[in-house]
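Colleague: structure for this input, please:
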Amino acid sequence: MSAEPTALASRTLEARNLVKDFRLRSGLKFSTLHAVKDVSFTLEAGRTIALVGESGSGKSTIARMLARLETPTSGQILLDGKPAGKGGRETARYRGDVQMVFQDPFASLNPFHSIAHHLERPLKIHNPGIGRVELRRRVLELLDRVRLVPSDRMAERRPHELSGGQRQRVAIARALAPGAQFIIADEPVSMLDVSIRLGVLNLLAQLQREDHLGVLYITHDLATARHFSDEILVMYHGDIVERGPADRVILDPQHDYTRTLLGAAPDPENQGMLRDEVRRELAGRQP
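Modeller: Okay, here's the model as predicted:
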């Protein structure tokens with residue numbers, strides 16, 4: 001970590017009045033899909049925001065706009081209060097600060113290259129003068145940080161030789177490689193076995209504390225959203241319909257859609273445990 005804690009605490013990634021429309025064609029007819037409608041929020045370094053909603057609500061579109069993979073129809077993305085840069089150097093600087101962890105850890109890794117290659121590439125891009133010895137040291141350090149050990153052996157493996165959870169840890173290490181201060185995690189555990197989801201989420205939480213990261217955690221699972229975030233934004237049909245501290249949104253939802261998500265038990269493996277937990281906590285608050 002190169003910056004002082006006081007400097008890190010002031011860093012922000014802001015979505016301001018973001019709109020994203022997609023032009024659709026069916027035969028000779030055209031229509032417009034309003035995927036994101038005037039969405040605004042600020043992610044501070046050292047905090048985690050959970051963006052929650054059903055499939056098709058616009059969550060991943062927001063993630064792709066923040067990662068500069070989609071261009072907003074209108075609105076602004078601000079890093080530390082300044083518009084996200086356009087052009088080669090400014091875009092590279094932005095992407096060094098803002099990195100994305102994708103939903104599918106296998107699709108996001110090139111099967112023909114070693115794990116070391118996947119980590120060396122961002123290190124070389126963002127540190128052009130780095131030497132071979134330092135490059136190797138930092139690759140092994142990244143693998144150690146995400147608990148892929150022994151790191152020297154893991155570095156030489158290919159993605160198909162790793163489990164889904166291990167591949168996602170590689171993706172997290174790759175996001176950390178440029179020195180990112182903000183991580184956009186788009187449903188990072190939804191394609192993993194239930195038994196290893198908690199380990200990956202705990203790793204993200206630990207790294208967030210150690211590096212004072214700002215994390216945008218995109219999910220459909222309100223249970224993990226509550227336990228791994230400071231604030232929850234509930235998204236429905238492109239709009240943010242509810243926002244607030246995680247405990248308040250879960251225990252005292254104000255919007256009908258939030259109540260519907262809670263009642264639907266978004267993660268089938270929870271088998272109603274989320275609803276039971278909420279009922280117990282609500283009952284404990286009764287006079």
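Colleague: mean confidence for stretch 46-62?
Modeller: Across stretch 46-62, pLDDT averages out at 94.
Colleague: just the endpoints, please. Distance across it?
Modeller: Length of stretch 46-62, first residue to last, CA to CA, to the nearest Å: 20 Å.
Colleague: same check on stretch 155-165?
Modeller: Taking CA to CA, stretch 155-165 runs 16 Å from one end to the other.
Colleague: what's next to it, contact-wise?
Modeller: 105-106, 109-116, 119, 139-140, 143, 154, 167, 170, 191-193, 196, 199-200 (CB atoms under 8 Å, 6 or more residues apart in numbering). Bear in mind the C-beta positions are built from the backbone N, C-alpha and C, glycine included.
Colleague: roughly how far out does it sit from the chain middle?
Modeller: Taking the mean of its C-alpha atoms, stretch 155-165 sits 21 Å from the chain's own mean (CA atoms, centre = their mean, to the nearest Å).
Colleague: how about it: buried residues?
Modeller: Judged by neighbour count (16 or more other CB atoms under 10 Å), stretch 155-165 contains these buried residues: Ala155, Pro159, Leu162, Gly164, Gly165.
Colleague: export those to TSV and tack on distance to Gly53, pLDDT and secondary structure?
Modeller: Putting these into TSV (distance: CB to CB, whole Å; pLDDT from 0 to 100; DSSP: H, G, I helix; E, B strand; the rest coil) gives the following:
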residue	distance to Gly53	pLDDT	secondary structure
Ala155	37	96	helix
Pro159	30	93	helix
Leu162	30	94	coil
Gly164	24	90	helix
Gly165	25	92	helix
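Colleague: from these, pick the one nearest Gly81.
Modeller: Nearest to Gly81, judged by CB to CB, of the buried residues of stretch 155-165 is Gly165 at 37.0 Å.
Colleague: give me the element the closest residue to that closest one other than its chain neighbours is part of.
Modeller: Distance criterion CB to CB, 6 or more residues apart in numbering; nearest residue to Gly165, sequence neighbours excluded, is Ile196 at 4.0 Å. Taking DSSP states H and E as the definition, Ile196 sits inside helix 194-211.
Colleague: what does Asn110 give?
Modeller: For Asn110, there is no host helix or strand (DSSP H and E).
Colleague: is it true that it touches His118?
Modeller: Yes: between Asn110 and His118 there is a contact at 7.0 Å, judged by CB atoms under 8 Å.
Colleague: can you give me the helices in this structure?
Modeller: Remark: helices assigned in the chain by DSSP state H are 5-9, 59-66, 88-97, 115-126, 132-145, 151-155, 164-176, 194-211, 222-227, 246-251, 256-263, 273-284.
Colleague: quick one, which of the ones you listed gets closest to Ala45.
Modeller: Nearest to Ala45, of all the helices of the chain, is helix 5-9, at 4.9 Å by CB to CB.
Colleague: give me the more crowded residue out of Asn110 and His118.
Modeller: It is His118, of Asn110 and His118, that has more neighbours when counted by other CB atoms under 10 Å, with 22 against 12.
Colleague: in contact with the more buried one, which residues?
Modeller: Contact analysis of His118 by CB under 8 Å, 6+ apart lists Leu109, Asn110, Val170, Arg174.
Colleague: picking up where we left off before, out of the contacts of stretch 155-165, which end up buried?
Modeller: For the contacts of stretch 155-165, a burial check counting by 16+ other CB under 10 Å picks out 105, 109, 114-116, 119, 139-140, 143, 154, 167, 170, 191-192, 196, 200.
Colleague: using PDB, write out every CA atom in stretch 97-117.
Modeller: C-alpha atoms of stretch 97-117 as PDB (Å, rounded to 0.1, in the frame of the first residue of the first chain):
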ATOM      1  CA  ASP A  97      -7.500   2.300  -9.400                       C
ATOM      2  CA  VAL A  98     -10.800   0.600 -10.400                       C
ATOM      3  CA  GLN A  99     -10.700  -3.100 -11.100                       C
ATOM      4  CA  MET A 100     -13.500  -5.700 -11.700                       C
ATOM      5  CA  VAL A 101     -13.900  -9.300 -10.500                       C
ATOM      6  CA  PHE A 102     -16.300 -11.100 -12.900                       C
ATOM      7  CA  GLN A 103     -19.000 -13.600 -12.100                       C
ATOM      8  CA  ASP A 104     -17.500 -16.500 -14.000                       C
ATOM      9  CA  PRO A 105     -13.900 -17.100 -12.900                       C
ATOM     10  CA  PHE A 106     -13.100 -19.600 -15.700                       C
ATOM     11  CA  ALA A 107     -14.300 -17.400 -18.500                       C
ATOM     12  CA  SER A 108     -12.300 -14.400 -17.200                       C
ATOM     13  CA  LEU A 109      -9.000 -16.300 -17.400                       C
ATOM     14  CA  ASN A 110      -7.200 -17.400 -20.500                       C
ATOM     15  CA  PRO A 111      -6.900 -21.200 -20.400                       C
ATOM     16  CA  PHE A 112      -3.700 -21.200 -22.500                       C
ATOM     17  CA  HIS A 113      -1.700 -19.200 -20.000                       C
ATOM     18  CA  SER A 114      -0.300 -19.900 -16.600                       C
ATOM     19  CA  ILE A 115      -1.500 -18.200 -13.400                       C
ATOM     20  CA  ALA A 116       1.800 -16.300 -13.300                       C
ATOM     21  CA  HIS A 117       1.100 -14.900 -16.700                       C
END
